[in-house]
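Colleague: how does the following fold in three dimensions:
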Amino acid sequence: MKLWLLAVGLRQPAWADAAYADFAKRFPPELKLELKAVKAETRGSKTTAQLMAAEAERLTVAMPKGVRRVILDERGEHRTSAQLAERLKAWMNDGRDVALIIGGPDGLAPEFKATADESLRLSDLTLPHALARVLLAEAFYRAWTLLSNHPYHRE
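Modeller: I've put the predicted structure just below:
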């Protein structure tokens, strides 16, 4: 199974790229994490709805066919690390790849959100997009270690 991290925004700070890459390389061959970043729409004379629609189109084009769509949203499901591990286990048993989707500065278009299979909340705090990528990579690495009885996670 593959976890796809689809995110709006091409350029991230070097520290975020390095931290994300560090966690991504830790994943085992049977559960790879791969980032697909798409360009954020240029802010200017367009409405927020137009910006989000353009970004949603880019995400749709970048998304592999047949994946489970999991959007990151402030109103998404709150899960502990153990609960996320159980969800990951269910996804692995299902066999479909999973796309974890992070929207742009204005979020995700409501029409795009409606196509999601699930939604997930990383935090009650508002997070910068660069940090969200790192936290998501770490959270799923931790979930995998819980399923594998790896000593990374301690209760």
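Colleague: centroid residue for this protein?
Modeller: The central residue of the chain, meaning the one whose C-alpha is nearest the mean C-alpha position (Cα atoms, centre = their mean), is Leu100 at 3.1 Å.
Colleague: what comes up buried for stretch 3-18?
Modeller: Residues of stretch 3-18 classed as buried: 3-9, 12, 16 (neighbour count, 16 or more other Cβ atoms under 10 Å). Any C-beta I mention is one placed from the backbone N, CA and C, and that applies to glycine too.
Colleague: so which of the residues you listed belong to helices?
Modeller: Among the buried residues of stretch 3-18, the members falling in helices are Ala16 (criterion: DSSP state H).
Colleague: which outside residues touch the biggest strand by length in the chain?
Modeller: Using DSSP state E to assign secondary structure, the strand with the most residues in the chain is strand 68-78. Residues outside strand 68-78 that contact it (Cβ atoms under 8 Å, 6 or more residues apart in numbering): 63, 91, 94, 96-103, 107-108, 112-113, 115-122, 126, 132, 136.
Colleague: buried subset of the residues you listed?
Modeller: Restricting the contacts of strand 68-78 to buried positions leaves 63, 91, 97-103, 107-108, 112-113, 116, 119-120, 122, 132, 136, with burial counted as 16+ other Cβ under 10 Å.
Colleague: now stretch 113-121, how far from the chain's geometric center?
Modeller: 11 Å (Cα atoms, centre = their mean, to the nearest Å).
Colleague: helix or strand: which one has the residue nearest to the centre of the chain?
Modeller: Assignment of secondary structure by DSSP states H and E places Leu100 within strand 98-102.
Colleague: partners of that strand, with directions?
Modeller: On the basis of DSSP bridges, the sheet neighbours of strand 98-102 come out as strand 2-8 (parallel), strand 68-78 (parallel).
Colleague: which one of these lies closest to Thr48?
Modeller: strand 2-8 (13.5 Å; Cβ to Cβ).
Colleague: on that earlier part again, JSON lines for the strands paired with strand 98-102, including distance to Leu33?
Modeller: Below are the strands paired with strand 98-102 laid out as JSON lines (distance: least, Cβ to Cβ, whole Å):
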{"stretch": "strand 2-8", "distance to Leu33": "5"}
{"stretch": "strand 68-78", "distance to Leu33": "13"}
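Colleague: any chance of these in CSV, with distance to Leu59 and mean pLDDT too?
Modeller: Supplementary listing: the strands paired with strand 98-102 in CSV, determined by distance: least, Cβ to Cβ, whole Å; pLDDT from 0 to 100:
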stretch, distance to Leu59, mean pLDDT
strand 2-8, 5, 96
strand 68-78, 9, 93
